[in-house]
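>>> Below is the structure, and that's it, no one-letter string:
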Ligand SMILES: Cc1ncc(C[n+]2csc(CCOP(=O)(O)OP(=O)(O)O)c2C)c(N)n1
Ligand code: SF4
Ligand SMILES: [Mg+2]
């Protein structure tokens, strides 16, 4: 699957503490670097940990008027709660990439389960599940180039975290190859 | 050397002033202005920040820069002035209601921040301006217009509070001891860091009247009789201290002040 | 860049060198950004003990010569009211950012609202006027912050910038204006002999020059009723002059202060009157309505106070219907619109007060729904 047009909307949903807002920011900044207009918004609870937390990113070559996702081109759901919240979209043809480690398996069309949390944990850092899943979303949708995301990671992180996150990003990308 | 009068900081043509006869505020102001004069303060480099109350009216009579603020907030305004322009001499003049009752939070944080201000708190043990109501410094069991059966609460010890909260300087004086008051004012003004001068003062009109000190000088005599130098006070056995009022320099130390610390912050920020 | 960061950057661009505040969601990013940037620029960042102290310190610093500001949200903004009144009374330039969140009380700390509109206008005791601006995008967060400082400096008033949480936390790509690209206004300074300086003696334009503590001009500023020289003055004639002057200096510059944006209003049968994030919902709804054959247009209120009543009346009287979407229960903007257009216009409200966003569909339903 590649981007259907020059307008792209994605929802990254999970729980507070998974770092999805950062994934949204990295995706948005990568798109800016590629010359697009972006709007990134977020919705989260008062706690730094737990509760539904989500980032929305809209990418367009034109001015983006309404800042909220209206019809997503892709949904990432990292918890059962998040998957349940958005599962209605699958029947309308929207691909939902969900975390099969934390959410129950779905067999209906347009659901693809990936063991995001398990894979991140196998790589020695469960906290980097946000970067891992970002790699998967980017590879799956082609909305931004992998090299641009790598550039963003080099800019955002320092020291050993750079290599670690690049490794995790690549692992996310590779999940789609399976 | 000619004798400092402090009158050069006074606005002409505004007498009579608003304070009652026997009130301590005028004596406090006199001591402060003489201290200004002895320290060669100018009207341009001095900012007086006042609160609301009888004490807070002091700026009406002065020709230095002034900011007459809201009740209890003088120290917060003064903090903004001093933080932005450390070269200014910034003096906050407040009542006990202003300084440690409604403004108690600003007071302890100004002490903690140790910002180089001088706070003069005229403690007349009640809210003078609004009719003699109970204050955070009214002693227990005392009568005020809102404690008709005696104050059920305890009072703050302003200097002890300043010490515990981190101020560099705290002194207590009374209008009976005018020369010492001026000396304490000078120490406070020259001390880097946060300084407090508590002036325990008569309010014959309200506190005095409610507490069997009806005649104008009664409260002043009451203060005179209770006052004892801090050195003598420290020598007194515990049991004899309760009714006494320790006066003089109670706290003097040299923790780094806010502006000095902030310069370090700026230096680090500009290097990095 | 995030909306809140754009506000901090806009303030610095406008020359702000003093920030005092007390953190509160959803405004804290402004404080954080200032704490990083201001010391680098030789400015002051100070975290105060509460919002009462924050606005007080901001006013003190302004009188010492700084362009100064603070940022907060509803609970903190409530605490600032008394001292904000001093900024009005003492004619002290400063900017207060109220990133609006859903109330009442602690409410929904992380969710958006547009429910402080009336508090911004009327929240303080005593009759007084105020200027308030509301951005709808990250770019406007930057530019309207610069405008807010310009108005504060030009008219010697506090100015409230009132983004909602959506705009404060939204990220968009923005081109940061180059130095010199946007106008930056500095307060008028006195020029005559220091002995003659009267801090409240207005020039022709209704605004008096303002000195800074520490310079050659010595001056008094007071929260109490005062005369030209800043000293207490309880004379009724003086009080009347003072209150009138505080209102008039804003009223007479009303046309320079009132900023609106129009999207497809020329031929609009349906006029949407919007502010902040709901401008974007409104614009999306208008585009969709036109696709369905209904001529809709949007009037965005960049300036909320003084209220753009003439602009609303001009467009509103031409329209067959006015729709006002706003994130509050009571229709704080709708009431003002009604005042501006009179009783005969078909005025419809779209209100949300649950901390979620008004969507274009919400507006379309009201706009296209039966009368
Ligand atoms: C916010 C607020 N609350 C209450 C008042 C009313 N008020 C004015 S002065 C004052 C107390 C003054 O007492 P103090 O600070 O001790 O000054 P004094 O008159 O005793 O010198 C009060 C309660 C006010 N002006 N503002
Ligand atoms: S009421 Fe009390 S404090 Fe006020 S002026 Fe009279 S004596 Fe002084
Ligand atoms: Mg008092």
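Perfect, thanks for sending it. Please read these numbers as outputs of a predicted model, since none were measured by experiment. Ligands and ions are numbered 1, 2, ... in the order given.
>>> how many neighbours does residue 83 have?
Chain wasn't specified; assuming chain A. 26 (other Cβ atoms under 10 Å in any protein chain shown). (C-beta placed from N, C-alpha, C; glycine too.)
>>> wait, I meant chain C there
27.
>>> Provide a list of residues in contact with it.
Contacts for residue C:83 (Cβ atoms under 8 Å, 6 or more residues apart in numbering or on different chains) come out as B:69-70, B:73, C:52, C:55-56, C:59.
>>> Next up, identify which helix or strand it is on.
Assessed by DSSP states H and E, residue C:83 sits inside helix C:74-89.
>>> Tell me if I'm right that residue B:249 and residue B:184 touch.
Yes - with contact defined as Cβ atoms under 8 Å, residue B:249 and residue B:184 form a contacting pair (6.5 Å).
>>> Would you mind telling me which of the two has more residues around it?
Neighbour totals were compared for residue B:249 and residue B:184, and residue B:184 leads with 28 against 21 (other Cβ under 10 Å).
>>> Backbone torsions only: list them for the more buried one.
Dihedral angles of residue B:184 (phi, psi; degrees, to the nearest 10) stand at phi -60, psi -40.
>>> just to revisit the earlier point, which residues do residue B:249 and residue B:184 both contact?
Contacts common to residue B:249 and residue B:184, judged by Cβ under 8 Å, 6+ apart, are residue B:171.
>>> Show me which residues of the stretch 51-200 of chain C are close to chain B?
Those residues of the stretch 51-200 of chain C that sit near chain B, judged by Cβ under 8 Å from any Cβ of the partner chain, are C:52-54, C:56-66, C:68, C:82-83, C:85-86, C:90.
>>> now with 7 Å?
C:52-53, C:56-61, C:63-66, C:82-83, C:86 (Cβ under 7 Å from any Cβ of the partner chain).
>>> what about the helices in the stretch 1-150 of chain C?
C:3-14, C:28-37, C:51-63, C:74-89, C:117-122, C:138-155 (DSSP state H, counting those that start in this stretch).
>>> just the ones you listed: most buried one?
Most buried of those, by mean neighbour count (mean count of other Cβ atoms under 10 Å in any protein chain shown): helix C:51-63, with a mean of 31.
>>> and that helix, what's its mean pLDDT?
Averaged across helix C:51-63, the pLDDT comes to 98.
>>> thinking in terms of the whole chain, how far from its middle is that helix?
Put simply, helix C:51-63 sits 18 Å off its chain's centre (Cα atoms, centre = their mean, to the nearest Å).
>>> same check, this time on stretch C:169-181
Using Cα atoms, centre = their mean, the offset of stretch C:169-181 from its chain centre is 19 Å.
>>> Now name the helix or strand holding the residue most central in space within chain A.
Centroid-nearest residue in chain A: residue A:134, 4.2 Å away (criterion: Cα atoms, centre = their mean). Taking DSSP H and E as the definition, residue A:134 sits inside helix A:129-141.
>>> Assign a three-state SS to the closest residue to chain A within the stretch 51-200 of chain B, would you?
Residue nearest to chain A within the stretch 51-200 of chain B: residue B:105 (24.7 Å; Cβ to the nearest Cβ). Counting by DSSP: H, G, I helix; E, B strand; the rest coil, the backbone at residue B:105 sits in helix.
>>> Identify the residues contacting it.
Shown in contact with residue B:105 (Cβ atoms under 7 Å, 6 or more residues apart in numbering or on different chains): C:49-50.
>>> can you tell me how far it sits from residue A:174?
57 Å (Cβ to Cβ, to the nearest Å).
>>> same thing with residue B:210?
Counting by Cβ to Cβ, the gap from residue B:210 to residue A:174 is 84 Å.
>>> Those two - which one has more neighbours?
Neighbour totals were compared for residue B:210 and residue A:174, and residue B:210 leads with 21 against 14 (other Cβ under 10 Å).
>>> I figured that one hits residue B:132, correct?
Yes - Residue B:210 is within contact range of residue B:132, at 6.3 Å (criterion: Cβ atoms under 7 Å).
>>> Run the chain-centre distance for stretch C:94-101.
With Cα atoms, centre = their mean, you get 7 Å for stretch C:94-101.
>>> Does chain A have contacts with it?
No - using Cβ under 7 Å from any Cβ, stretch C:94-101 never reaches chain A; the gap is at least 10.6 Å.
>>> got the buried residues for that stretch?
C:94-101 (16 or more other Cβ atoms under 10 Å in any protein chain shown).
>>> again with stretch B:223-231
Using 16+ other Cβ under 10 Å as the test for burial, stretch B:223-231 gives B:223, B:227-228.
>>> what's the span of it, first residue to last?
18 Å (Cα to Cα, to the nearest Å).
>>> And ligand 2, is that stretch touching that?
No - Stretch B:223-231 does not reach ligand 2 (Cβ under 6 Å from any ligand atom); its nearest approach is 13.3 Å.
>>> What mean pLDDT does that stretch get?
97.
>>> quick one: terminal-to-terminal distance for stretch B:140-160?
Start and end residues of stretch B:140-160 are separated by 17 Å (Cα to Cα).
>>> quick one: average pLDDT of it?
98.
>>> can you pull the contacts of residue 76?
All of this is about chain A. A:12-13, A:97, A:133, A:137.
>>> my bad, chain C
C:22, C:24, C:51.
>>> can you check residue C:174 too?
By Cβ under 7 Å, 6+ apart, residue C:174 lies in contact with C:1, C:6, C:138-139, C:142.
>>> and of those residues, the nearest to chain A?
Among the contacts of residue C:174, and counting by Cβ to the nearest Cβ, the member closest to chain A is residue C:138, at 8.4 Å.
>>> Name all residues that make contact with that closest one.
C:1-3, C:6, C:170-172, C:174 are the contacts of residue C:138 under Cβ under 7 Å, 6+ apart.
>>> So is the helix or strand of chain C with the lowest mean pLDDT next to chain A?
Every helix and strand in chain C was compared by mean pLDDT, DSSP states H and E; the lowest is strand C:108-112, with a mean of 93. Yes - against chain A, strand C:108-112 shows contacts by Cβ under 7 Å from any Cβ at C:109-110.
>>> Now do that strand and helix C:74-89, the angle between them.
Strand C:108-112 and helix C:74-89 are oriented at 70 degrees to each other (axes from the mean of the first three to the mean of the last three Cα atoms, to 10 degrees).
>>> in its sheet, what does strand C:108-112 sit against?
Strand C:108-112 has the following strand partners under DSSP bridges: strand C:101-102 (antiparallel).
>>> For residue B:251, which non-adjacent residue is closest in space?
Setting aside the residues directly before and after it, residue B:251 is nearest to residue B:170 in space (Cβ to Cβ, 6 or more residues apart in numbering or on different chains), at 4.0 Å.
>>> what packs against the helix or strand containing that neighbour?
Using DSSP H and E, residue B:170 sits within strand B:169-173. Secondary-structure packing of strand B:169-173 (3 or more Cβ pairs under 7 Å, 6 or more residues apart in numbering or on different chains; DSSP states H and E): helix B:158-165, helix B:178-190, strand B:195-200, strand B:245-252.
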